[in-house]
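**Q** Predicted model and sequence below, questions to follow.
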Amino acid sequence: MRIRSYRPHDAEAVHRICVATGDAGKPAAGILRDPHLVAYVFADPYLLLQPELVFVAERDGAVLGYVVAALNSPEFYARWQLEWAPRFFTSHPASPDADARDADAQLRTLLHQPRRLLSADLDSYPSHLHINLLASARRQGAGRLLLEAVFDELARAGSPGVQLSVRASNTGAQAFYRAVGMNRLASRNGLAVRFGQPLGGVDHSVRENETPVRHGHG
């Protein structure tokens with residue numbers, strides 16, 4: 001297994017892996033009428049807006065996993081609002097009064113209102129990430145290597161810490177994050193569990209007057 005930086009021709013594979021693993025490691029088609037929505041929210045915008053923080057796990061020329069990240073979450077979501085969300089105004093309009101039980105509607109809302117994804121502790125953990133691996137690449141060290149690659153790059157860029165959220169029911173992923181040494185952070189609800197990794201950088205781009213919007217996601 002080889003870990004390398006993202007290249008533009010990897011976009012299709014990253015999207016496909018996100019859709020194939022979007023339900024806590026299982027295919028998103030099991031919970032979404034439009035399974036591509038999970039990639040439109042949790043993978044594709046990172047390829048456009050922060051490609052230098054995307055790494056892939058490759059074996060025999062095939063991409064089997066990836067990690068995507070944003071250096072500064074508030075700034076990233078501000079760019080998303082301007083550069084990514086408009087692409088979906090017609091094809092995937094927002095659902096402002098979406099039923100919480102309708103996963104498709106919830107993702108369409110996040111697609112247009114990404115600041116809902118902001119969590120707490122931005123002073124200590126201004127960066128965030130998402131990681132996914134196909135089943136054939138799990139338990140082989142690829143996840144740990146992907147995290148190490150993005151941690152190193154975020155630290156070089158000056159981030160003091162990175163965080164992520166995982167569905168509370170996804171106990172396997174939680175065990176993995178504990179095993180790689182990430183710290184469990186306080187969560188505002190019982191739907192998601194947050195983990196953080198201090199990186200030692202000093203990020204001056206999160207201002208004290210920025211008020212985070214608190215919203216957990218699975």
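**A** Happy to help now that I have it. Residues are numbered from 1 along each chain as shown.

**Q** Counting neighbours, what do you get for the closest residue to Gly141 other than its chain neighbours?
**A** By the measure of C-beta to C-beta, 6 or more residues apart in numbering, the closest residue to Gly141 outside its immediate chain neighbours is Met1, 7.0 Å from it. (C-beta placed from N, C-alpha, C; glycine too.) Using other C-beta atoms under 10 Å, Met1 has 14 neighbouring residues.

**Q** Need the three-state assignment for Ala69.
**A** strand (DSSP: H, G, I helix; E, B strand; the rest coil).

**Q** so what's the residue nearest to Gly141 up against?
**A** Ala57, Glu58, Arg59, Leu64, Ala137, Gln140, Gly141, Ala142, Leu145 (C-beta atoms under 8 Å, 6 or more residues apart in numbering).

**Q** Give the ranges of residues in the chain that sit below the confidence cut-off.
**A** 98, 201-218 (pLDDT under 70).

**Q** Would you map the helices across it?
**A** 11-21, 37-42, 44-49, 73-83, 103-112, 142-156, 171-179 (DSSP state H).

**Q** Just put those in a markdown table and tack on distance to His128.
**A** Below are those laid out as a markdown table (distance: least, C-beta to C-beta, whole Å):
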| stretch | distance to His128 |
| --- | --- |
| helix 11-21 | 16 |
| helix 37-42 | 11 |
| helix 44-49 | 10 |
| helix 73-83 | 5 |
| helix 103-112 | 14 |
| helix 142-156 | 10 |
| helix 171-179 | 13 |
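
**Q** Out of these, which is closest to Pro93?
**A** helix 103-112 (6.7 Å; C-beta to C-beta).

**Q** Tell me which residues of stretch 41-61 come out buried.
**A** Judged by neighbour count using 16 or more other C-beta atoms under 10 Å, the buried positions of stretch 41-61 are 41-47, 49-50, 53-58.

**Q** shouldn't Ala29 be in contact with Val38?
**A** No - between Ala29 and Val38 there is no contact under C-beta atoms under 8 Å: 9.7 Å.

**Q** Much appreciated, bye for now.
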